[in-house]
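> Got a predicted structure plus its sequence, pasted below:
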Amino acid sequence: MQLMMSNVELASDSIVDRVYEQLKAMAVSYEFKPGERLNEGELAKRLGVSRTPLREALNRLNTEGFLRFAPGKGFFCRELDAHEIFDLYELRKSIEVAAIRLAIKRAKDEDIDALLKFLEATGPDPGERTSVELVELDETFHERLMGMSNNAEMLRVLRNVNARIRFVRWIDMDRINRSNTQAEHRAVVEGLKARNEEACVSVLEKHIDRRLDRITAAIKEGYAQIYMPAAARSAAN
């Protein structure tokens, strides 16, 4: 009986995890419109699950900052808010700088060399890669860099921040010179290899910094991408 209960619990956890990942992808890409109230009945039907695992996944996403919850009203897609994104960039910078200070002391030479090889393999030229693919490569680099701090909690926070700013980064990536970005990546890793904390921190702070006006411009373009296709279809009809 206990084994059967454990299997049921595992299956339930698996369903919640699946629904969580599906909803998270929808929230990150703003498949839900900013400020839109989520219809739990429709979502449960669309995802083929009952209300219980759906509600568990929604609560988790609310806790992690991907959705908003209003008592008596339900769950809502978060707004594209410039100040929130700016705050998240500041948080990202602070934890990455703190992590690189730890990595100076803790990183293994073989892991540093492996990250340099990753930069060589991915190259400075964007080629035919999409913005989504380029952001994914960039996130991989920064997460591997932070991994060398050997601080799992910092890495967990970074992954949350990366997901919450990802939509804006997809837009921002079109404005970025990848050759410059990759040169900065290499400078950080070479500084790490030389155990030069000052050099690493200086490059990393400049690399991550985003001005509020730049974030605001990206968000304006983001709103256009979210709403203009629907407006165009309506006009055509």
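Ah, there it is.
> where does this protein dip in pLDDT?
Filtered on pLDDT under 70, the chain yields the residue ranges 1-12, 229-237.
> So if we follow the domain assignment, how does it break up?
1-77, 82-232 (the TED database).
> How about the contacts made by the closest residue to Asp174 other than its chain neighbours?
Residue nearest to Asp174 in three dimensions, not counting chain neighbours: Ser131, with 5.8 Å by C-beta to C-beta, 6 or more residues apart in numbering. Any C-beta I mention is one placed from the backbone N, CA and C, and that applies to glycine too. When contacts are counted by C-beta atoms under 8 Å, 6 or more residues apart in numbering, Ser131 touches 170-171, 173-174.
> Would you map the helices across this protein?
2-28, 40-47, 51-63, 82-106, 109-122, 131-147, 152-172, 178-193, 197-208, 212-236 (DSSP state H).
> Run through who's touching the shortest one.
Going back to what we said before, that points to helix 40-47. With contact meaning C-beta under 8 Å, 6+ apart, helix 40-47 is reached by 19, 22-23, 50-51, 54-55, 58, 74-75.
> and if we set it to 6 Å?
19, 51, 54 (C-beta atoms under 6 Å, 6 or more residues apart in numbering).
> quick one: which of the residues you listed is nearest to Phe118?
Closest approach between the contacts of helix 40-47 and Phe118, by C-beta to C-beta: Val19, at 32.6 Å.
> how many other residues sit next to the closest one?
Using other C-beta atoms under 10 Å, Val19 has 23 neighbouring residues.
> for the closest residue to it other than its chain neighbours, what are its contacts?
Excluding the flanking residues, the one nearest Val19 by C-beta to C-beta, 6+ apart is Ala57, at 4.2 Å. Counting by C-beta under 6 Å, 6+ apart, Ala57 touches 16, 19-20, 23.
> check contacts around the residue most central in space within the chain.
Of all residues in the chain, the one closest to the mean position by C-alpha atoms, centre = their mean is Ala163, 1.8 Å from it. With contact taken as C-beta under 6 Å, 6+ apart, Ala163 is in contact with Val28.
> Now do it against Ala98, distance only.
20 Å (C-beta to C-beta, to the nearest Å).
> Give me the distance between Met146 and Ile100.
According to C-beta to C-beta, Met146 stands 8 Å off from Ile100.
> Next: Leu61.
Counting by C-beta to C-beta, the gap from Leu61 to Ile100 is 30 Å.
> what's the closest non-adjacent residue to Ile226?
Tyr30 (5.3 Å).
> any idea how far Leu134 is from the residue nearest to Val19?
Taken as C-beta to C-beta, the span from Ala57 to Leu134 is 29 Å.
> and if you look at Val19?
From Val19 to Leu134 the distance is 29 Å (C-beta to C-beta).
> repeat for Cys200
23 Å.
> who has more neighbours, these two?
Taking other C-beta under 10 Å, Cys200 and Leu134 do not tie; Cys200 has more neighbours (25 against 20).
> From what I see, that one and Val188 are in contact.
Yes - in this structure Cys200 lies within contact range of Val188 using C-beta atoms under 6 Å: 5.4 Å.
> who does Gly74 bridge with?
Under DSSP bridges, the beta-bridge partners of Gly74 are Ala70.
> number of nearby residues for it?
Other residues near Gly74 come to 14 when the count uses other C-beta under 10 Å.
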